[in-house]
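>>> With the input below, show me the fold.
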Amino acid sequence: MHGSGDRGHGAQARARRGDSRARVHDPRPGHGNRRVGGAKVSQPRSSRRAAPIVPDEHEAPAPWGRQTWIALLVMGVLIAAVVASGLLIKHAIEPQVPPALANCATSTQIAPHEFIGPQPMCITATQTLQATITTTQGDIVIQLHPEVAPVTVNNFVVLATHGYYTGLVFWKAEDWVVQGGDPRGDGRGGPGYTLPEEPTVTPWDVGAVGMARVPGGPVNGSQFFIEKAAWPGAGPSSVYNRFGTVTSGMDKVQALSVSDAITSITIKVS
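As a prediction, this is how the structure comes out:
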C-alpha cells in the first residue's frame, strides 16, 4: 500500500503515460494551451492572416457596363413582344361583336354554359345576318333566317357572340347529318332552357340548319345540326326550328367527324 508520499510519484507516472481525460479547446486569443483538471490542452495555431472585412479589389463586383444595359434592353423588348403576341392571340380567339349587336347581352349566367332563362331579344326580323362557323376542318358560312325563326336566330346570335360554342365538339356525325352545340358533348346538354317551336314551310334539304330536340320533348336551347344529305324516310315529323342555310363550306361539313370542334363563330350584320 502506498502512503501519501507516493502521490507525487503517481501523478508523474500518469503524466509520463499520457492523460486520457477530455480536453476543451479555448478559442480566446492568447490562451493557447491550457490545463483542464491538471492536463495540458493543445490549441491550434491562429491563422496568420485575418479574414477580410470587405472584398478586396479582385473580389469586388464589377460596375454595370454597356453590355449589361444592352442585355437588359434586349430582355425588355422580348418580354414586351411576348405580352403583345399574347394580347393579339386573345383578341383573335375572342368573338368579334359587330356594333349592331353591341347591346346583345346574355341572360343571367348561373354556371358555365348555363343560364337562368332564354336570351333577351336584340335583333330584328329585317336584319341580314350571317354566321361563319370556324371549325377544325375549316369555315362554314351560314345565312341566318330571322324572318322565319326570329327567336331561334336571336338565341344563336347571342350565344355565339359571347363565345358559348367555342371549343364545343360535333358529338354526332352520320352520313346525312352532323350535330354540335352540346356543352356536355353527349347529346344530353344545353344552356338550361328550351326554345319555342318556330314552324316553317321551307323544305328541309342539304345545307339546312336547325335546332335539335328530344323526340316528344321541347326544342333544345343550344344544340344545332346541319343536314348533309336528304332526310331519311319521309322527312321530319316534328318542328326543328330551321333557322339557317349553309351558303359556303359544305365540303367542310361533309368532312366533319366526332373528333372535330368549333373554334369560333363570327356574326356579320349587313
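
>>> Residue 129: neighbouring residues, count only.
Residue neighbour count, defined by other Cβ atoms under 10 Å, stands at 24 for residue 129. For glycine as for every other residue, the C-beta is placed from the backbone atoms N, C-alpha and C.

>>> ok, now residue 74?
10.

>>> Quick check, pLDDT for it.
On pLDDT, residue 74 comes in at 72.

>>> Distance of it relative to residue 97?
Here residue 74 is placed at a distance of 38 Å from residue 97 (Cβ to Cβ, to the nearest Å).

>>> try residue 177
30 Å.

>>> Then residue 234?
For residue 234 relative to residue 97 (Cβ to Cβ), the value is 41 Å.

>>> Same question for residue 264.
12 Å.

>>> List the buried residues in stretch 234-246.
Buried residues in stretch 234-246, counted by 16 or more other Cβ atoms under 10 Å: 240, 241, 242, 243, 244, 245, 246.

>>> Give me the residues contacting stretch 246-255.
Stretch 246-255 has contacts (Cβ atoms under 8 Å, 6 or more residues apart in numbering) with 130, 135, 137-143, 178, 206-209, 226, 228.

>>> okay, it in PDB with CA atoms only?
Extracted in PDB, the C-alpha atoms of stretch 246-255 (Å, rounded to 0.1, in the frame of the first residue of the first chain):
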ATOM      1  CA  VAL A 246     -75.200  26.800 -95.500                       C
ATOM      2  CA  THR A 247     -74.000  29.100 -98.300                       C
ATOM      3  CA  SER A 248     -70.300  28.200 -98.300                       C
ATOM      4  CA  GLY A 249     -68.200  25.400 -96.900                       C
ATOM      5  CA  MET A 250     -70.400  22.300 -97.500                       C
ATOM      6  CA  ASP A 251     -67.200  20.400 -98.200                       C
ATOM      7  CA  LYS A 252     -66.100  21.200 -94.600                       C
ATOM      8  CA  VAL A 253     -69.500  20.000 -93.300                       C
ATOM      9  CA  GLN A 254     -69.100  16.700 -95.200                       C
ATOM     10  CA  ALA A 255     -65.600  16.300 -93.600                       C
END
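
>>> tell me which residues of it are tucked away?
Buried-residue list, stretch 246-255, by 16+ other Cβ under 10 Å: 246, 249, 252, 253.

>>> Can you tell me the element the first one falls in?
Counting by DSSP states H and E, the secondary-structure element that holds residue 246 is strand 244-248.

>>> And for the last one?
Remark: residue 253 resides in helix 250-255, with elements defined by DSSP H and E.

>>> Given the following helix or strand past that helix, what are its sheet partners and their directions?
Remark: after helix 250-255, the chain's next helix or strand is strand 262-269, criterion DSSP H and E. Applying DSSP bridges to the sheet, strand 262-269 is found paired with strand 129-135 (antiparallel).

>>> got a list of contacts for the partner strand?
123, 139-144, 146, 153, 156-157, 160, 165, 170, 244, 247, 252, 256, 260-270.

>>> Any chance of a PyMOL selection covering the buried ones in the contacts of stretch 246-255?
For the buried members of these, the matching PyMOL selection, counting by 16+ other Cβ under 10 Å, is:
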select buried, resi 130+135+137+140+141+142+178+206+207+208+209+226+228
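
>>> Quickly name whichever of the contacts of stretch 246-255 is closest to residue 111.
residue 135 (25.6 Å; Cβ to Cβ).

>>> Would you check how far apart residue 240 and residue 131 are?
17 Å.

>>> ok, now residue 244?
Per Cβ to Cβ, residue 244 is found 7 Å from residue 131.

>>> shared neighbours, these two?
With Cβ under 8 Å, 6+ apart, residue 244 and residue 131 have common neighbours 142, 144, 156.
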